[in-house]
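Asks: Structure for this input, please:
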Amino acid sequence: MNKTDLGWHVSFDKAFEPFLNEEGFVAGRVSLEHKHMYRVQTEVGEVLAEVSGKMRHQALRREDYPAVGDWVVISLREGEQRAVIHAVLPRRSKFSRKVAGQVTEEQIVATNVDTVFLVNALNQDFNVRRIERYLVLAWESGANPVIVLSKSDLCANPDELAAEVAAVAIGVPIHIISSAENRGLDELASYMTRGQTVALLGSSGVGKSTLVNRIYGRDILNTGDIRSGDDKGKHTTTHRELILLPDGGILIDTPGMRELQLWSASEGLSTSFQDIEEFAEQCFFQDCKHENEPKCAVKSALDSGTLSAERFQNYVKLQKELAYLARKEDKGLQAAEKAKWKKIHQSLKTQPHR
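Replies: Coordinates of the predicted model:
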């Protein structure tokens, strides 16, 4: 296994240059995150690694630590299959969300991803507004989104639902599949060529683990049966994991997300709702709120049916969510900066005077 097979990109060459003169330092890719430990894939095999004390001391936020998909600089321990992580190389892409609950903190789902499969089931759980939310974060991540509509065998009108998705996912490839019947899976192969990384994202029970098993060629992940009563699959994946495919390509499987809160996604919002923003540019007033102002192009589009009310309401909702998050994050950053300087001053006080 060489670095190209693991997803190494030429942009990492320059980032790794400062470590070339360090004896025993190599690059590896994080495939699994345990509590305080990481499984890292290298050219000499898999190792179990921990973060160095210096790196831990300098880390201020969660994003300063390794995540699944990261390329890291490690020093190997001879003959132990153990290593120490000294640095995280700059990320080419990063899919993040806000952690669930009240805490304003980033949770990195996957990094250095080329393509994001946004998996949505075509059964009773189908939801266009949720797809819009996933698209916002996918565009913000820097990876290319692809919508995978799964469980078509449980749907009577898959083409109609795909048309609904196409209306909000402008320019995004859409694939209708059924893992149970091996339908449509060949179309996904072109995204998983040698060295390319694909992350699977979606709600609990949409069939991500079954899809991984079909792509891999045998059952490597546990899958859940359809629950009786609500037509939903059981949640099976409990952690993020990078999987090397036998025929080349890399998959990152992720746990189902019951709650997908946005994180720093203003550019993703503009890209996902480009149609609304183009209408807004035609409004007579530059600061138009699209409420009661005269000559509002957005209201005209809503009145004529060119723009759906549900899509516009979701856009406004996501805008408000991002604005609230930005205010909370500013306060959090101020507190972190204050704590950092307090820590520095305390360490200076404890140093002996000369």
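Asks: Please report how far the nearest residue to Q282 once chain neighbours are set aside lies from C283.
Replies: Once flanking residues are discounted, Q282 sits nearest to A297: 3.7 Å by CB to CB, 6 or more residues apart in numbering. Quick note: C-beta positions are derived from backbone N, CA and C, even for glycine. A297 sits 5 Å away from C283, going by CB to CB, to the nearest Å.
Asks: Equivalent analysis for G184, please.
Replies: 41 Å.
Asks: before we move on, back to that, the residue nearest to Q282 touches I276, doesn't it?
Replies: No: A297 is not in contact with I276 according to CB atoms under 8 Å; the separation is 10.0 Å.
Asks: The two: which is more packed in?
Replies: I276 (22 against 19; other CB atoms under 10 Å).
Asks: What number of residues are in the vicinity of the nearest residue to that one once chain neighbours are set aside?
Replies: Excluding the flanking residues, the one nearest I276 by CB to CB, 6+ apart is Y315, at 5.3 Å. Per other CB under 10 Å, the neighbour tally for Y315 reads 22.
Asks: Isn't Y315 up against S270?
Replies: No: Y315 is not in contact with S270 according to CB under 8 Å; the separation is 10.3 Å.
Asks: what about D186, which SS state?
Replies: D186 falls in the helix class when you classify it by DSSP: H, G, I helix; E, B strand; the rest coil.
Asks: Which pLDDT value belongs to it?
Replies: pLDDT, D186: 92.
Asks: if I look at it, how far off is H175?
Replies: With CB to CB as the criterion, D186 and H175 are 10 Å apart.
Asks: who's more crowded, the two?
Replies: Taking other CB under 10 Å, D186 and H175 do not tie; H175 has more neighbours (19 against 10).
Asks: need the contact list for the residue nearest to Q282.
Replies: 279-283 (CB atoms under 8 Å, 6 or more residues apart in numbering).
Asks: Could you pick out the buried ones from the residues you listed?
Replies: Among the contacts of A297, those classed as buried by 16 or more other CB atoms under 10 Å are 279-280, 283.
Asks: What is the subsequent helix or strand relative to the strand ranked longest in the chain?
Replies: Longest strand of the chain, by residue count under DSSP state E: strand 25-33. Sequence order places strand 38-42 as the next helix or strand after strand 25-33, per DSSP states H and E.
Asks: buried stuff in that following strand?
Replies: For strand 38-42, by 16+ other CB under 10 Å, it's 38-42.
Asks: That one vs strand 25-33, what angle?
Replies: 130 degrees (axes from the mean of the first three to the mean of the last three CA atoms, to 10 degrees).
Asks: Which SSE is immediately downstream of strand 38-42?
Replies: Following strand 38-42 in sequence, per DSSP H and E, is strand 45-51.
Asks: For E46, which non-adjacent residue is closest in space?
Replies: R39 (6.0 Å).
Asks: wait, isn't that neighbour in contact with L32?
Replies: Yes: counting by CB under 8 Å, R39 touches L32, with 4.0 Å between them.
Asks: Look up how far L48 lies from F279.
Replies: Distance from F279 to L48, by CB to CB: 53 Å.
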